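J.: Kindly generate the corresponding structure for this input.
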Amino acid sequence: MIEDDGEGVGDAPFARSYDSFKHMTGIALLSLGGVFAFFDGDGMRFARGQVIIILAFFMLALVTSVLMVGHLASLEVKPEPREKTARHIRGASIIVGVTMCGGLGGFTYNFMAALFK
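T.: Numbers count the residues shown, from 1 in each chain. Just a heads-up that it's a prediction; the model follows:
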């Protein structure tokens, strides 16, 4: 039986978290592209202030995901205590989830309002 003695994390046990943040990075990039596509189009017009808020939500999700991917990849070079890494992952997961939901909700609201104008 392997004892957990509080040593650093060097053998990448957080692979699922890495994959999750990597996929959220892609989803945030696609979401940004979708918002820019509707903002720039001639058919539906979104309010400038609302689009800036939506873009801010998606950008925060994107930046958090990219930073966590880099942090988890760096564990092979510079190990950190398991508890500290788990705390970072939990916090970043909450930030990414909340900001993606906020951005998606704002986009859906604006899309429906522009659709039924």
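J.: CA atoms for contacts and neighbours, from now on please.
T.: Fine.
J.: residue boundaries of the helices in this structure?
T.: In the chain, the helices defined using DSSP state H lie at 15-40, 48-73, 82-115.
J.: Low-confidence bits of the chain, can you list those?
T.: For the chain, the stretches flagged by pLDDT under 70 are 1-13, 40-44.
J.: Name the stretch among the helices of the chain that sits most buried.
T.: Compared across the helices of the chain, helix 48-73 shows the largest average neighbour count, a mean of 19 (mean count of other Cα atoms under 10 Å).
J.: Against which helices or strands is it packed?
T.: helix 15-40, helix 82-115 (3 or more Cα pairs under 8 Å, 6 or more residues apart in numbering; DSSP states H and E).
J.: Need these in CSV (columns: distance to Arg48).
T.: Compiled in CSV, those are given as follows (distance: least, Cα to Cα, whole Å):
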stretch, distance to Arg48
helix 15-40, 8
helix 82-115, 11
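J.: Mind checking those for the one nearest to Ile53?
T.: Of all those, it is helix 82-115 that lies closest to Ile53, at 7.8 Å by Cα to Cα.
J.: Check which helices and strands the closest one sits against.
T.: With 3+ Cα pairs under 8 Å, 6+ apart as the test, helix 82-115 has helix 15-40, helix 48-73 packed against it.
J.: Now distance to Arg90 too, for these, in TSV please.
T.: Listed next are those as TSV, based on distance: least, Cα to Cα, whole Å:
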stretch	distance to Arg90
helix 15-40	10
helix 48-73	11
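J.: any idea how far Gly70 lies from Thr25?
T.: Relative to Thr25, Gly70 is positioned 12 Å away (Cα to Cα, to the nearest Å).
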